[in-house]
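> Generate a structure from the sequence data that follows.
(2 chains)
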Amino acid sequence: MSGFPLPIPVIETERLVLRAPRASDIPAHVALMGSDRSKFIGGPQDEATAWRGFAGSLGHWVLNGYGMWMIADKADDTPLGRVGFINPFGWDEPELGWHLYAAAEGKGIAHEAAVAARTYGAEQLGLDGVISYIDPANVRSLALADRLGARFEREGEVMGHPCHVYRHPMIGEAA
Amino acid sequence: MAHTDIPVLETRRLVLRGPAAEDYPNFKATFTSYRARFMGGPLNPYESWMLYAAEIGHWQIRGYGMWMIHDKGTDETYGMAGGWKPAMWPEAEIAWVIWPDKGGKGYALEATDAVRRYLYREKGWTTAVSYIDPKNLDSIRLAERLGAVKDHDAASIDGHDAVYRHPSPAQLDGSQLAHGIEMEIGHYADPMFKPEGWAVD
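As a prediction, this is how the structure comes out:
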């Protein structure tokens, strides 16, 4: 990487490394955001918009002191998706968000990553009992929120889209 | 959290530093205003926040980016200048923006001259363009004061912008143009200097 890396913490789990997003991850991100898989996370987006979103997720760490990690395969560093805390202008409070690239789905990766990020947030970032915004039609994310022990709290809205607000348990209560 | 190693550039009146969280309110005020009409705006508050975040992230992705322009004495911010190449840009651009109430003092000229020399000397750029809305006369005049000329053959971003080609490092080095830029900056820095005509960036 040619740039000026931010001191984004690295978290290791059994199969994964949560690390700073880097330039080599951009094609995977652009592909996701250009596909129908991104319909619940602000997409589909053209390449220019997706690139700026990726760059913005790095700046998010500077502006808020937390942000999204790249989920990478521990064995070969392949980018598998993203997980972390999202709180740009217009969010009610910091959100735990996640999304996977198509090839990574169905292996429990999002669960493993979300547990690690949530635990780190509660223990290190002062982000405990956070929310997740989930489109009620996004059945896969609803199922994951349920596995994570998050509970429906209220109807909400983000970026003008109605969605459901799920509340995660505090760290001591986590399932 | 902040970039700790973005180079700090000092000029006669200015200090250029990486964009920081505390500088965001001034950026937002400009980019949500009519001032941003030639820069894709006015933006809504979400778009403005995301653009600023992207300008920060650009440093990590590209290894260069937009600096925040500060007054050397008071630390007040005046705008931004630097290298900019998001996706779909045909070439790396030298870009600038001055807050609406800070124009007319030559800050953009002084800052952009410094970042251009940095990008040429330290980053090895051999050429540079600026993509400018044809109606943005203040920016076109600044491009011309920097020696840039309209490049009719170069690809634009989307057909709605004019491409101004900066003089190459070799064309600039030790030239009458470089000397003239230095002299103009000196005039602005001189408290006795009273510019004639209308305000320019």
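> top strand in chain B by residue count?
In chain B, assigned by DSSP state E, the strand with the most residues is strand B:77-84.
> Return the list of helices and strands in contact with the helix or strand following that strand.
Next helix or strand after strand B:77-84 toward the C-terminus (DSSP states H and E): strand B:93-98. Helices and strands touching strand B:93-98, by 3 or more Cβ pairs under 8 Å, 6 or more residues apart in numbering or on different chains; DSSP states H and E, are strand B:77-84, helix B:107-121, strand B:129-132. Any C-beta I mention is one placed from the backbone N, CA and C, and that applies to glycine too.
> Now do the shortest one: everything it contacts.
Put plainly, it is strand B:129-132. Contacts with strand B:129-132, where a contact means Cβ atoms under 8 Å, 6 or more residues apart in numbering or on different chains, come from B:38, B:89-95, B:139-140, B:143, B:148, B:151, B:154, B:156-157, B:161-166.
> try it again with 6 Å
If you take Cβ atoms under 6 Å, 6 or more residues apart in numbering or on different chains as the criterion, strand B:129-132 is touched by B:91, B:93, B:94, B:139, B:140, B:143, B:157, B:161, B:162, B:163, B:164, B:165.
> and the helices and strands packed on strand B:93-98 as JSON lines, adding distance to residue B:61?
Shown next, in JSON lines, are the helices and strands packed on strand B:93-98 (distance: least, Cβ to Cβ, whole Å):
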{"stretch": "strand B:77-84", "distance to residue B:61": "11"}
{"stretch": "helix B:107-121", "distance to residue B:61": "16"}
{"stretch": "strand B:129-132", "distance to residue B:61": "19"}
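> looking at those, which is closest to residue B:48?
Between residue B:48 and the helices and strands packed on strand B:93-98, the shortest gap by Cβ to Cβ is with strand B:77-84, which sits at 13.1 Å.
> from the middle of its chain, how far away would the closest one be?
Using Cα atoms, centre = their mean, to the nearest Å, the mean C-alpha position of strand B:77-84 is found 5 Å from that of the whole chain.
> swap in stretch A:76-88?
Averaging C-alpha positions (Cα atoms, centre = their mean) puts stretch A:76-88 5 Å from its chain's average.
> Next: stretch B:41-56.
That offset, for stretch B:41-56, works out to 17 Å (Cα atoms, centre = their mean).
> For the longest strand of chain B, give the mean pLDDT please.
When pLDDT is averaged over strand B:77-84, the result is 98.
> ok, it near chain A or not?
No. Strand B:77-84 stays out of contact with chain A when judged by Cβ under 6 Å from any Cβ of the partner chain, the minimum separation being 10.8 Å.
> packing partners for that strand?
In terms of contacts (3 or more Cβ pairs under 6 Å, 6 or more residues apart in numbering or on different chains; DSSP states H and E), strand B:77-84 is packed against strand B:66-71, strand B:93-98, helix B:107-121.
> for the chain, longest helix please?
No chain specified, so I'll use chain A. Scanning chain A for the helix with the most residues, using DSSP state H, yields helix A:47-64.
> Hmm, no, I was thinking of chain B.
helix B:45-62.
> Let me have the helices and strands packed on strand B:77-84 in TSV, extended by mean neighbour count and mean pLDDT.
Shown next, in TSV, are the helices and strands packed on strand B:77-84 (neighbours: other Cβ atoms under 10 Å in any protein chain shown; pLDDT from 0 to 100):
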stretch	mean neighbour count	mean pLDDT
strand B:66-71	24	98
strand B:93-98	24	97
helix B:107-121	22	98
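> Would you reformat those as a markdown table and include distance to residue A:117?
Shown next, in a markdown table, are the helices and strands packed on strand B:77-84 (distance: least, Cβ to Cβ, whole Å):
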| stretch | distance to residue A:117 |
| --- | --- |
| strand B:66-71 | 30 |
| strand B:93-98 | 35 |
| helix B:107-121 | 37 |
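> low-scoring stretches of chain A, by residue?
Across chain A, the ranges flagged by pLDDT under 70 are A:1-3, A:174-175.
> Residues of it that sit close to chain B?
Along chain A, the residues adjacent to chain B under the rule Cβ under 6 Å from any Cβ are A:2-4, A:23, A:47-48, A:51-52, A:55-56, A:58-63, A:65, A:88-90.
> circling back to that earlier point, out of the contacts of strand B:129-132, which end up buried?
Neighbour counting over the contacts of strand B:129-132 (16 or more other Cβ atoms under 10 Å in any protein chain shown) leaves B:91, B:93, B:94, B:139, B:140, B:143, B:161, B:162, B:163, B:164, B:165 as the buried ones.
> What segments of chain A are strands?
So, for chain A - with DSSP E - the strands run A:11-12, A:16-19, A:68-73, A:79-86, A:95-100, A:131-134, A:151-158, A:161-167.
> Pairing partners for the last one, with directions?
Put plainly, it is strand A:161-167. Applying DSSP bridges to the sheet, strand A:161-167 is found paired with strand A:131-134 (antiparallel), strand A:151-158 (antiparallel).
> picking up where we left off before, and the contacts of strand B:129-132, which is closest to chain A?
Nearest to chain A among these, counting by Cβ to the nearest Cβ, is residue B:157 at 9.1 Å.
> and the longest helix of chain B, how far out from the chain's middle?
Using Cα atoms, centre = their mean, the mean C-alpha position of helix B:45-62 is found 16 Å from that of the whole chain.
> what do you get for stretch A:93-112?
Mean C-alpha position of stretch A:93-112 versus that of the full chain (Cα atoms, centre = their mean) differs by 7 Å.
> Would you mind listing the buried residues in that stretch?
Buried residues in stretch A:93-112, counted by 16+ other Cβ under 10 Å: A:94, A:95, A:96, A:97, A:98, A:99, A:100, A:101, A:104, A:109, A:110, A:112.
> Great, nothing more from me.
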